[in-house]
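**Student:** can't give you the sequence, but here's the structure:
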């Protein structure tokens, strides 16, 4: 029964992989790659490794593929234009290699199942979730906690680097620097539809041109 499920999920993985290569739209290729990951997770389940199957779905089919889809959407990649194939000999070579791999898979599956020395039950509990959880919280507890602290430090560092602002006072009216801007952009209430350029090399010069008084001084009459 497991051999039947193995063949089914293996065929699904191969079909999705072929669709991944054949598709012209990169978004459809990404969706096909998700199908490959899910089929591989099902294969891990048939091999008595449920933890690896869960990690396959959560990490690869979940986090990584979401990132890939976001990049494709941000780049706005359109469908690839069909171009004449330069090396036409690649098609028969690819078909020949695919047939060889398929024959090897069938040979291994048939003779492994037919071999009387093949074990019929689980010979190890390495891939089981209970054994991995027990190892993480007993033998490898210290490396597990150190890894969590490193991930927390990485999150805090990313938040610190992504912060913007704080360089100027919230009440600042003029930004220092050599700039040329229209008066309307500097004060939309006072200079409506006034596109006269204003050039300033220092903050004081810009304030004098715009008639902005320093804090604590009374405006000129």
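**Tutor:** It's in. Just so it is clear, the model here is predicted, and its values are computed rather than measured. Numbers count the residues shown, from 1 in each chain.

**Student:** Give the buried residues for the helix or strand that contains residue 71.
**Tutor:** Here residue 71 sits within helix 65-75, counting by DSSP states H and E. Residues of helix 65-75 classed as buried under the neighbour-count rule (16 or more other CB atoms under 10 Å) are 65, 68-69. Every residue, glycine included, has its C-beta placed from N, CA and C.

**Student:** and of those, the nearest to residue 9?
**Tutor:** Proximity of those to residue 9 (CB to CB) peaks at residue 65, which lies at 18.3 Å.

**Student:** Could you report the separation of that closest one from residue 105?
**Tutor:** Taking CB to CB, to the nearest Å as the criterion, residue 65 is separated from residue 105 by 26 Å.

**Student:** Kindly report the same for residue 154.
**Tutor:** When residue 154 is compared with residue 105 (using CB to CB), they lie 41 Å apart.

**Student:** if we look at the helix holding residue 71, which residues are touching it?
**Tutor:** 26-27, 30, 33-34, 37 (CB atoms under 8 Å, 6 or more residues apart in numbering).

**Student:** Okay, strands next: where are they in this protein?
**Tutor:** Along the chain, the segments classed as strands by DSSP state E run 179-182, 197-200.

**Student:** Out of the contacts of helix 65-75, list just those in helices.
**Tutor:** Residues of the contacts of helix 65-75 located in helices (DSSP state H): 26-27, 30, 33-34, 37.

**Student:** now, which of the residues you listed sits nearest residue 17?
**Tutor:** Distance ranking of these against residue 17, using CB to CB, places residue 33 first at 8.3 Å.

**Student:** List the residues that contact the spatially closest residue to that closest one that is not a sequence neighbour.
**Tutor:** Nearest-residue entry for residue 33: residue 20, 5.4 Å, with adjacent residues in sequence omitted and distances by CB to CB, 6 or more residues apart in numbering. Applying CB under 8 Å, 6+ apart to residue 20 gives the contacts 29, 32-33, 36.
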